[in-house]
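1. Fold the following.
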Amino acid sequence: MSLVLVSSESSEPDQKTVTAAPTDTPMTTPDPATLAEKNRQEEQVLKKRFIGMVLGLVFAHVYVALALAYSYMDDHNHLHTCWLPLLGAFICGMIFVFHVSIS
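-> Model (predicted):
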């Protein structure tokens, strides 16, 4: 089977058509040992991503709970929030989202 490139412009005698040479490389079957090693490596990567997702989600909840525990109302009904645990919750939430997005 050959491929002929045809242009939509008018045919002039000085224009040439190009034919691509067919490739005669046979399909080879992959080595089972190589496939098994690749699958093992992919499972390890997936396991690490899953652990990152779980830890990110758990620590985000822990930091939100800490922020709630250290927040208080004063005598004038002003809410004083501890922002450092909320920053930690945000960072852990981003770690969770990162691991979810690359999986």
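2. Please make it C-alpha for all contacts and neighbour counts, starting now.
-> Noted.
3. so what does the strand or helix carrying Val97 touch, helix or strand wise?
-> In this structure, Val97 sits in helix 83-102 according to DSSP states H and E. Applying 3 or more Cα pairs under 8 Å, 6 or more residues apart in numbering; DSSP states H and E, we find helix 83-102 packed against helix 32-70.
4. Taking helix 83-102 as reference, get the angle to the helix it packs on.
-> For helix 32-70 against helix 83-102, the angle by axes from the mean of the first three to the mean of the last three Cα atoms, to 10 degrees is 160 degrees.
5. Which strands and helices lie in contact with the helix or strand following helix 32-70?
-> Remark: after helix 32-70, the chain's next helix or strand is strand 72-73, criterion DSSP H and E. Helices and strands touching strand 72-73, as assessed by 3+ Cα pairs under 8 Å, 6+ apart, comprise strand 79-80.
6. Give me the contact list for the strand it packs on.
-> Ser71, Tyr72, Met73, Asp74 (Cα atoms under 8 Å, 6 or more residues apart in numbering).
7. rewinding a little: what residues does the helix holding Val97 touch?
-> So helix 83-102 is contacted by 49-50, 52-57, 59-64, 66-67 (Cα under 8 Å, 6+ apart).
8. Okay then, goodbye and thanks.
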